[in-house]
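1. Build the 3D model from these lines:
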Amino acid sequence: MKRRFLSIVLGVCLLIPSTTVFASEVEDKESVGVESQVEDIHYLTEDLTRGSKKPGANASVHNLSKSNYNYQLTDFGYRLYTDKWLTSSSGKISVSLSNFKTIEEHPGATKNQITFRLYDSSGLISSSKKTVYGGSASTTFSNVKSGKKYYVAFEVPTNGNRYSGKGYISD
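-> Just a heads-up that it's a prediction; the model follows:
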């Protein structure tokens, strides 16, 4: 009787790890599908090539009619650019900024202003200077031509302060 009981207990003990492995494999397979739905975020910073210069003639194009251009502004003190050309078929381009904060502050320096600038391949189209309230600001540029390529610049006063923020560009 004891031998039969021990055999059953041993069998159950051997079965538990294999079900754990099976459950782990199923969970791993399910999480792969979720990862493919994560939105692309463009990290723009003055220290890297992404964001420190306007997009080149051969830079890729992001169609705002298909999806938003999500960005993260990282430790900057003057100007950052989108790293891709942007197109829109709606006749407008909207820029939204959130979580804007001063990460290095100099006494007496302005710390709540940002200017959004819209450019095409021939130069500046429009600019919009905004005062940031509660870490957020936004603007909309109209008269955007369908099929034409644009890019956005984010500019802060050059006063020694360093900033960060995130947001998206949409049509």
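
2. for the protein, which spans come out with low pLDDT?
-> The chain contains residues with pLDDT under 70 at 1-39, 42-51.

3. any idea which strand is longest in it?
-> Counting residues, the longest strand found in the chain (DSSP state E) is strand 92-104.

4. what comes up buried for that one?
-> Buried residues in strand 92-104, counting neighbours by 16 or more other C-beta atoms under 10 Å, are found at 93-97, 100, 102. From N, CA and C alone the C-beta is placed, and that goes for glycine too.

5. The protein - how does it break down into domains?
-> Here the domain parsing of the chain from automatic domain parsing is 1-38, 41-170.

6. which one of those is the most hemmed in?
-> Ranked by mean neighbour count, the domains of the chain are led by domain 41-170 with a mean of 16 (mean count of other C-beta atoms under 10 Å).

7. got the end-to-end distance for that one?
-> This stretch, domain 41-170, spans 14 Å end to end (C-alpha to C-alpha, to the nearest Å).

8. now it: how far from the chain's centre is it?
-> Taking C-alpha atoms, centre = their mean, to the nearest Å, one finds the center of domain 41-170 at 11 Å from the center of the full chain.

9. Touching the longest strand of the chain from outside, list them.
-> Residues from elsewhere that reach strand 92-104, judged by C-beta atoms under 8 Å, 6 or more residues apart in numbering: 64, 73, 75, 86, 111, 114, 116, 118, 132, 135-144, 150, 152, 154, 160-171.
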